[in-house]
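K.L.:
got a sequence here, can you model it:
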Amino acid sequence: MDFLEEIELYNSAMDNAYNLITGKIDVDDMFIEFDEGDDDALLPLPFNPFMSEKYSNALIDVVIEHFSHYEEYEKCAELVKIKEINVKEH
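P.N.:
The predicted structure is shown next:
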């Protein structure tokens, strides 16, 4: 795997993380959609989605940093709201 492929894989992992954290797709649906694709492909995620129902604020910070780098501030704002909910619940 070359550098550009690694960047593409990382970007896919961040997109998948965003979709899971924001509830745009759930884990089961993500795996079903992925399973219908290329059998040799990887489902990139920056975390194990089966370890916890809640996503940590540290993980959300990593995803926010990624999207702020690409100036996708709408996504960042949505993730910040989720972080605020996490803080209120604890």
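
K.L.:
center of the chain - which residue?
P.N.:
Nearest to the geometric centre of the chain sits residue 17, at 0.8 Å (Cα atoms, centre = their mean).

K.L.:
identify the residues contacting that one.
P.N.:
By Cβ atoms under 8 Å, 6 or more residues apart in numbering, the contact set of residue 17 is 45, 46, 47, 59, 63. Using the backbone N, CA and C atoms, a C-beta is placed for each residue, glycine as well.

K.L.:
what residues sit buried inside stretch 23-38?
P.N.:
The neighbour-count check on stretch 23-38 (16 or more other Cβ atoms under 10 Å) flags residue 30 as buried.

K.L.:
returning to what we had before: next, the buried residues of the strand or helix carrying the residue nearest to the centre of the chain.
P.N.:
If you go by DSSP states H and E, residue 17 is part of helix 3-21. For helix 3-21, the buried set under the neighbour-count rule, 16+ other Cβ under 10 Å, comprises 13, 14, 16, 17, 18, 20, 21.
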